[in-house]
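>>> build me a model:
(chains A, B, C and D)
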Protein chains: 2
Amino acid sequence: MAGHSQPVYLKLRDLIAAGIIDGTFPEGAMLPSVRALAAEQGANPLTVAKAYQQFQLDGLVEVQRGVGMFVARGAAERLRRSEREAFLANEWPQIRARMERLGLVAKDLLTT
Amino acid sequence: MAGHSQPVYLKLRDLIAAGIIDGTFPEGAMLPSVRALAAEQGANPLTVAKAYQQFQLDGLVEVQRGVGMFVARGAAERLRRSEREAFLANEWPQIRARMERLGLVAKDLLTT
DNA sequence: CATGCTGTTTGACTGCCATAATACAGCGCG
DNA sequence: CGCGCTGTATTATGGCAGTCAAACAGCATG
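Have a look, this model is predicted:
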(Lines give C-alpha, C1' and ligand atoms only; values in the text may rest on other atoms or scores of the structure.)
Protein backbone atom coordinates (compact mmCIF):
# COMPACT_ATOMS: atom_id res chain seq x y z
CA MET A 1 0.00 0.00 0.00
CA ALA A 2 1.87 3.04 -1.23
CA GLY A 3 -0.68 5.39 -2.67
CA HIS A 4 -0.19 8.68 -0.85
CA SER A 5 -0.02 12.09 -2.38
CA GLN A 6 2.91 12.86 -0.10
CA PRO A 7 5.19 10.09 1.16
CA VAL A 8 4.89 9.34 4.85
CA TYR A 9 8.56 9.84 5.54
CA LEU A 10 8.39 13.35 4.13
CA LYS A 11 5.42 14.22 6.27
CA LEU A 12 7.32 12.98 9.28
CA ARG A 13 10.34 14.94 8.22
CA ASP A 14 8.26 18.10 8.11
CA LEU A 15 6.73 17.30 11.45
CA ILE A 16 10.14 16.99 13.06
CA ALA A 17 11.51 20.05 11.30
CA ALA A 18 8.58 22.13 12.50
CA GLY A 19 9.15 20.88 16.04
CA ILE A 20 12.79 21.87 15.97
CA ILE A 21 12.09 25.27 14.51
CA ASP A 22 9.25 26.23 16.80
CA GLY A 23 10.99 24.98 19.92
CA THR A 24 8.88 21.94 20.61
CA PHE A 25 12.18 20.10 20.48
CA PRO A 26 14.70 22.51 22.01
CA GLU A 27 18.42 22.29 21.33
CA GLY A 28 20.04 19.53 23.30
CA ALA A 29 16.75 17.79 23.94
CA MET A 30 16.20 14.19 23.06
CA LEU A 31 13.91 13.62 20.14
CA PRO A 32 11.11 11.06 20.19
CA SER A 33 12.53 7.60 19.69
CA VAL A 34 12.04 5.91 16.37
CA ARG A 35 9.61 3.41 17.80
CA ALA A 36 7.77 5.91 19.94
CA LEU A 37 7.15 8.30 17.08
CA ALA A 38 6.22 5.39 14.87
CA ALA A 39 3.59 4.22 17.33
CA GLU A 40 2.28 7.72 17.88
CA GLN A 41 1.95 8.43 14.17
CA GLY A 42 0.84 4.97 13.15
CA ALA A 43 3.85 4.47 10.93
CA ASN A 44 6.61 1.95 10.59
CA PRO A 45 9.73 2.47 12.72
CA LEU A 46 11.87 2.19 9.64
CA THR A 47 9.94 4.92 7.91
CA VAL A 48 10.50 7.16 10.89
CA ALA A 49 14.18 6.31 10.85
CA LYS A 50 14.27 7.32 7.23
CA ALA A 51 12.79 10.66 8.13
CA TYR A 52 15.37 11.21 10.83
CA GLN A 53 18.21 10.15 8.57
CA GLN A 54 18.12 13.33 6.55
CA PHE A 55 18.70 15.39 9.67
CA GLN A 56 21.60 13.25 10.81
CA LEU A 57 23.40 13.71 7.51
CA ASP A 58 23.00 17.45 7.83
CA GLY A 59 24.31 17.34 11.38
CA LEU A 60 21.11 18.79 12.77
CA VAL A 61 20.58 15.89 15.14
CA GLU A 62 23.31 13.94 16.90
CA VAL A 63 22.98 10.25 17.47
CA GLN A 64 24.05 8.38 20.55
CA ARG A 65 23.52 4.83 19.59
CA GLY A 66 21.66 2.93 22.22
CA VAL A 67 20.64 6.15 23.90
CA GLY A 68 18.75 8.41 21.55
CA MET A 69 18.91 11.29 19.12
CA PHE A 70 19.43 14.85 20.25
CA VAL A 71 18.88 18.23 18.68
CA ALA A 72 22.25 19.69 17.76
CA ARG A 73 23.42 23.14 18.77
CA GLY A 74 22.16 25.83 16.42
CA ALA A 75 19.91 23.37 14.68
CA ALA A 76 16.82 25.56 14.82
CA GLU A 77 18.55 28.51 13.28
CA ARG A 78 20.36 26.51 10.64
CA LEU A 79 17.20 24.67 9.76
CA ARG A 80 15.13 27.79 9.41
CA ARG A 81 17.79 29.35 7.26
CA SER A 82 18.16 26.42 4.88
CA GLU A 83 14.43 25.88 4.61
CA ARG A 84 13.98 29.51 3.74
CA GLU A 85 16.67 29.32 1.13
CA ALA A 86 15.18 26.21 -0.42
CA PHE A 87 11.70 27.67 -0.39
CA LEU A 88 12.72 30.88 -2.09
CA ALA A 89 14.93 29.16 -4.62
CA ASN A 90 12.77 26.22 -5.59
CA GLU A 91 9.16 26.51 -4.60
CA TRP A 92 8.33 30.18 -4.66
CA PRO A 93 9.20 30.83 -8.31
CA GLN A 94 6.93 28.03 -9.41
CA ILE A 95 4.19 29.25 -7.14
CA ARG A 96 4.46 32.74 -8.53
CA ALA A 97 4.37 31.51 -12.11
CA ARG A 98 1.37 29.40 -11.36
CA MET A 99 -0.44 32.24 -9.68
CA GLU A 100 0.29 34.57 -12.53
CA ARG A 101 -1.08 32.05 -14.98
CA LEU A 102 -4.25 31.78 -12.95
CA GLY A 103 -4.66 35.49 -12.65
CA LEU A 104 -4.12 35.50 -8.91
CA VAL A 105 -2.26 38.22 -7.09
CA ALA A 106 -0.29 37.61 -3.93
CA LYS A 107 -1.48 40.85 -2.44
CA ASP A 108 -5.09 39.73 -2.50
CA LEU A 109 -4.30 36.51 -0.71
CA LEU A 110 -2.00 37.85 1.95
CA THR A 111 -4.34 40.51 3.20
CA THR A 112 -6.80 37.97 4.46
CA MET B 1 14.77 5.69 -16.12
CA ALA B 2 11.96 6.75 -13.86
CA GLY B 3 13.52 8.97 -11.25
CA HIS B 4 11.61 12.20 -11.63
CA SER B 5 10.51 14.56 -8.95
CA GLN B 6 7.32 15.04 -10.92
CA PRO B 7 5.91 12.35 -13.21
CA VAL B 8 6.27 13.06 -16.91
CA TYR B 9 2.59 12.74 -17.64
CA LEU B 10 1.82 15.41 -15.05
CA LYS B 11 4.38 17.76 -16.53
CA LEU B 12 2.79 17.28 -19.90
CA ARG B 13 -0.62 17.83 -18.39
CA ASP B 14 0.56 21.15 -16.99
CA LEU B 15 2.13 22.08 -20.28
CA ILE B 16 -1.14 21.53 -22.10
CA ALA B 17 -3.18 23.26 -19.43
CA ALA B 18 -0.94 26.30 -19.59
CA GLY B 19 -1.30 26.37 -23.36
CA ILE B 20 -5.06 26.29 -23.15
CA ILE B 21 -5.22 28.97 -20.51
CA ASP B 22 -2.81 31.41 -22.07
CA GLY B 23 -4.25 31.04 -25.54
CA THR B 24 -1.46 29.10 -27.16
CA PHE B 25 -4.16 26.56 -27.93
CA PRO B 26 -7.27 28.67 -28.59
CA GLU B 27 -10.76 27.26 -28.27
CA GLY B 28 -11.70 25.12 -31.23
CA ALA B 29 -8.09 24.69 -32.26
CA MET B 30 -6.59 21.28 -32.76
CA LEU B 31 -4.12 20.20 -30.14
CA PRO B 32 -0.77 18.64 -30.99
CA SER B 33 -1.25 15.02 -31.93
CA VAL B 34 -0.21 12.37 -29.46
CA ARG B 35 2.68 11.26 -31.61
CA ALA B 36 3.77 14.77 -32.50
CA LEU B 37 3.87 15.96 -28.91
CA ALA B 38 5.61 12.77 -27.90
CA ALA B 39 8.33 13.34 -30.46
CA GLU B 40 8.67 17.01 -29.58
CA GLN B 41 8.96 16.34 -25.85
CA GLY B 42 11.00 13.18 -26.16
CA ALA B 43 8.35 11.14 -24.43
CA ASN B 44 6.40 8.04 -25.17
CA PRO B 45 3.12 8.46 -27.10
CA LEU B 46 1.35 6.46 -24.45
CA THR B 47 2.50 8.82 -21.78
CA VAL B 48 1.23 11.77 -23.78
CA ALA B 49 -2.10 10.04 -24.25
CA LYS B 50 -2.30 9.59 -20.53
CA ALA B 51 -1.79 13.30 -20.05
CA TYR B 52 -4.54 14.13 -22.54
CA GLN B 53 -6.88 11.60 -21.02
CA GLN B 54 -7.54 13.70 -17.95
CA PHE B 55 -8.78 16.58 -20.07
CA GLN B 56 -11.09 14.38 -22.10
CA LEU B 57 -12.78 13.09 -18.99
CA ASP B 58 -13.39 16.66 -17.86
CA GLY B 59 -14.78 17.58 -21.26
CA LEU B 60 -12.13 20.20 -21.81
CA VAL B 61 -10.98 18.66 -25.07
CA GLU B 62 -13.18 16.93 -27.60
CA VAL B 63 -11.94 13.97 -29.53
CA GLN B 64 -12.66 13.35 -33.18
CA ARG B 65 -11.28 9.94 -33.65
CA GLY B 66 -9.16 9.72 -36.74
CA VAL B 67 -8.92 13.50 -36.94
CA GLY B 68 -7.53 14.94 -33.74
CA MET B 69 -8.32 16.52 -30.39
CA PHE B 70 -9.78 19.98 -30.12
CA VAL B 71 -10.07 22.52 -27.36
CA ALA B 72 -13.67 22.61 -26.18
CA ARG B 73 -15.73 25.77 -25.93
CA GLY B 74 -15.17 27.59 -22.67
CA ALA B 75 -12.27 25.31 -21.83
CA ALA B 76 -9.87 28.12 -20.97
CA GLU B 77 -12.28 29.77 -18.60
CA ARG B 78 -13.39 26.53 -16.98
CA LEU B 79 -9.82 25.39 -16.62
CA ARG B 80 -8.67 28.62 -15.07
CA ARG B 81 -11.57 28.56 -12.67
CA SER B 82 -11.05 25.00 -11.50
CA GLU B 83 -7.31 25.44 -11.19
CA ARG B 84 -7.84 28.53 -9.13
CA GLU B 85 -10.25 26.75 -6.88
CA ALA B 86 -7.91 23.83 -6.38
CA PHE B 87 -4.98 26.12 -5.73
CA LEU B 88 -6.76 28.19 -3.12
CA ALA B 89 -8.29 25.19 -1.41
CA ASN B 90 -5.34 22.83 -1.37
CA GLU B 91 -2.00 24.45 -2.00
CA TRP B 92 -2.26 27.97 -0.74
CA PRO B 93 -3.09 27.18 2.89
CA GLN B 94 -0.07 24.94 3.13
CA ILE B 95 2.10 27.54 1.50
CA ARG B 96 0.93 30.18 3.94
CA ALA B 97 1.54 27.93 6.93
CA ARG B 98 4.98 27.10 5.66
CA MET B 99 5.86 30.73 5.10
CA GLU B 100 4.68 31.64 8.55
CA ARG B 101 6.78 28.90 10.09
CA LEU B 102 9.84 30.14 8.25
CA GLY B 103 9.26 33.72 9.26
CA LEU B 104 8.75 34.89 5.72
CA VAL B 105 6.63 37.93 5.05
CA ALA B 106 4.73 39.00 1.99
CA LYS B 107 6.88 42.08 1.56
CA ASP B 108 9.99 40.02 0.90
CA LEU B 109 8.31 38.13 -1.91
CA LEU B 110 6.31 40.80 -3.67
CA THR B 111 9.39 42.36 -5.20
CA THR B 112 8.71 41.52 -8.80
C1' DC C 1 24.57 -9.85 33.53
C1' DA C 2 19.86 -9.44 32.16
C1' DT C 3 16.29 -6.52 30.90
C1' DG C 4 14.73 -2.75 28.28
C1' DC C 5 15.38 0.93 26.03
C1' DT C 6 17.95 3.08 22.03
C1' DG C 7 19.35 3.23 16.64
C1' DT C 8 20.59 0.16 12.48
C1' DT C 9 20.89 -3.30 9.01
C1' DT C 10 19.11 -6.94 5.76
C1' DG C 11 15.96 -8.63 2.54
C1' DA C 12 11.79 -8.65 0.41
C1' DC C 13 7.36 -7.12 -1.38
C1' DT C 14 4.23 -3.83 -3.68
C1' DG C 15 2.63 -0.20 -6.71
C1' DC C 16 3.44 3.46 -9.86
C1' DC C 17 5.76 5.36 -13.76
C1' DA C 18 7.62 4.97 -18.09
C1' DT C 19 8.95 2.50 -22.04
C1' DA C 20 8.58 -0.56 -26.19
C1' DA C 21 6.52 -3.10 -30.06
C1' DT C 22 2.40 -4.20 -32.18
C1' DA C 23 -1.97 -4.09 -33.68
C1' DC C 24 -6.45 -2.05 -34.19
C1' DA C 25 -9.97 1.68 -35.45
C1' DG C 26 -11.77 6.13 -37.58
C1' DC C 27 -11.47 9.94 -40.87
C1' DG C 28 -10.01 12.70 -45.13
C1' DC C 29 -8.07 13.33 -49.38
C1' DG C 30 -6.06 12.41 -53.92
C1' DC D 1 -9.72 2.40 -52.93
C1' DG D 2 -5.29 3.27 -50.76
C1' DC D 3 -2.31 6.10 -48.31
C1' DG D 4 -1.47 8.85 -44.37
C1' DC D 5 -2.81 10.94 -40.72
C1' DT D 6 -5.51 10.77 -36.36
C1' DG D 7 -6.58 8.33 -31.34
C1' DT D 8 -6.85 3.67 -28.85
C1' DA D 9 -5.88 -0.99 -26.95
C1' DT D 10 -2.89 -4.87 -25.72
C1' DT D 11 0.91 -6.98 -23.71
C1' DA D 12 5.34 -7.18 -21.71
C1' DT D 13 9.43 -5.24 -19.51
C1' DG D 14 12.37 -2.42 -16.54
C1' DG D 15 13.22 0.59 -12.81
C1' DC D 16 12.58 3.10 -8.72
C1' DA D 17 10.30 4.66 -4.44
C1' DG D 18 7.84 3.55 -0.41
C1' DT D 19 6.77 0.44 3.05
C1' DC D 20 7.32 -3.31 6.03
C1' DA D 21 9.00 -7.44 9.21
C1' DA D 22 12.57 -9.43 11.58
C1' DA D 23 16.93 -9.79 13.17
C1' DC D 24 21.10 -7.25 14.72
C1' DA D 25 23.96 -3.95 17.64
C1' DG D 26 24.97 -0.39 21.45
C1' DC D 27 24.19 1.67 25.96
C1' DA D 28 22.30 2.26 30.84
C1' DT D 29 20.50 0.78 34.80
C1' DG D 30 18.86 -2.33 38.53
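>>> excluding sequence neighbours, find me the nearest residue to the closest residue to DNA strand C within chain A.
Of chain A, the residue with the smallest distance to DNA strand C, taken as CB to the nearest atom of the strand, is A:Ser33 at 3.0 Å. All C-beta atoms are positioned from the backbone trio N, CA, C, and that covers glycine. Leaving aside its chain neighbours, A:Ser33 sits nearest to A:Gly68 (6.2 Å; criterion: CB to CB, 6 or more residues apart in numbering or on different chains).
>>> for the one you found, list the residues it contacts.
A:30-31, A:33 (CB atoms under 8 Å, 6 or more residues apart in numbering or on different chains).
>>> now list the buried members of these.
Taking 16 or more other CB atoms under 10 Å in any protein chain shown as the criterion, what is buried in the contacts of A:Gly68 is A:Leu31.
>>> before we move on, the earlier item: any idea how far the residue of chain A closest to DNA strand C lies from DNA strand D?
Separation of A:Ser33 from DNA strand D (CB to the nearest atom of the strand, to the nearest Å): 10 Å.
>>> give me the phi and psi angles of that residue.
Main-chain torsions, A:Ser33, degrees, to the nearest 10: phi -70, psi 160.
>>> pull out the buried positions in the worst-scoring helix or strand of chain A on mean pLDDT.
Across the helices and strands of chain A, mean pLDDT, DSSP states H and E gives its lowest value to helix A:106-110, namely a mean of 70. When burial is assessed from 16+ other CB under 10 Å, helix A:106-110 yields no buried residues.
>>> which helix or strand contains the spatially most central residue of chain A?
For chain A, A:Asp14 is the residue whose C-alpha lies nearest the centre (CA atoms, centre = their mean; 2.5 Å). Assigned by DSSP states H and E, A:Asp14 belongs to helix A:8-21.
>>> what about that helix and chain B, any contact?
Yes - against chain B, helix A:8-21 shows contacts by CB under 8 Å from any CB of the partner chain at A:18, A:21.
>>> hmm, that helix touching DNA strand D?
Yes - Helix A:8-21 is in contact with DNA strand D by CB under 7 Å from any atom of the strand, via A:8-10.
>>> other residues contacting that helix?
Outside helix A:8-21, the residues within contact range by CB under 8 Å, 6+ apart are A:24-25, A:31, A:37, A:41, A:43, A:47-48, A:50-52, A:54-55, A:60, A:71, A:75-76, A:79-80, A:83, B:101-102.
>>> just the ones of those residues in helices?
Within the contacts of helix A:8-21, residues falling in helices by DSSP state H are A:37, A:41, A:47-48, A:50-52, A:54-55, A:75-76, A:79-80, A:83, B:101-102.
>>> out of the residues you listed, who's nearest DNA strand D?
Nearest to DNA strand D, judged by CB to the nearest atom of the strand, of those is A:Thr47 at 4.3 Å.
>>> report pLDDT for A:Gly3.
On pLDDT, A:Gly3 comes in at 47.
>>> what's the answer for the one 5 residues further on, then?
pLDDT, the model's per-residue confidence, is 93 for A:Val8.
>>> ditto for A:Gln94
88.
>>> picking up where we left off before, remind me what the least confident helix or strand of chain A packs against, helices and strands.
The contact analysis (3 or more CB pairs under 8 Å, 6 or more residues apart in numbering or on different chains; DSSP states H and E) places helix A:106-110 against helix B:106-109.
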